[in-house]
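S.K.: no sequence on this one, just coordinates:
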């Protein structure tokens, strides 16, 4: 799991790539067999997606207000 401090240090392209990979992880886990799914992997990936998108939105809003 990634901290917000680590996410804030990343560039926009790194954050976008992080969102893509986490979404692929969620997609792969959801389509696995019922007994081989891991809820913790899905949960951490979704948390990472939310944190990265939050940081991207904060950066976009700060650029608009300047």
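M.R.: That came through fine. Everything numeric in this text was worked out from a predicted model, so none of it was measured.
S.K.: buried set for stretch 40-52?
M.R.: Buried positions in stretch 40-52, judged by neighbour count with 16 or more other C-beta atoms under 10 Å: 42, 44, 45, 48, 49, 51, 52. Using the backbone N, CA and C atoms, a C-beta is placed for each residue, glycine as well.
S.K.: which ones among those residues are found in helices?
M.R.: If you go by DSSP state H, the buried residues of stretch 40-52 have 42, 44, 45, 48, 49, 51, 52 in helices.
S.K.: ok, the last one touching residue 22?
M.R.: Yes - the pair residue 52 and residue 22 qualifies as a contact (C-beta atoms under 8 Å) at a distance of 7.4 Å.
S.K.: tell me the predicted confidence for the spatially most central residue of the chain.
M.R.: In the chain, the centroid-proximal residue (C-alpha atoms, centre = their mean) is residue 49; its distance is 2.0 Å. For residue 49, the model assigns a pLDDT of 97.
S.K.: once you drop chain neighbours, what's closest to it?
M.R.: With sequence-adjacent residues excluded and distances taken as C-beta to C-beta, 6 or more residues apart in numbering, residue 49 is closest to residue 22, at 4.7 Å.
S.K.: contacting residues for that neighbour?
M.R.: 45, 46, 48, 49, 52 (C-beta atoms under 8 Å, 6 or more residues apart in numbering).
S.K.: mind redoing it with 6 Å?
M.R.: Neighbouring residues of residue 22 by C-beta atoms under 6 Å, 6 or more residues apart in numbering: 45, 48, 49.
S.K.: could you measure the first one against residue 38, distance?
M.R.: Right, residue 45. 10 Å (C-beta to C-beta, to the nearest Å).
S.K.: just give me the neighbour total for residue 4.
M.R.: Residue 4 has 11 neighbouring residues, counting by other C-beta atoms under 10 Å.
S.K.: can you show me the helices along the protein?
M.R.: Counting by DSSP H, the helices of the chain are 4-9, 12-30, 39-65.
S.K.: figure out how far the last one is from the centre of its chain.
M.R.: For helix 39-65, the distance from its own C-alpha centre to the chain's C-alpha centre is 6 Å (C-alpha atoms, centre = their mean, to the nearest Å).
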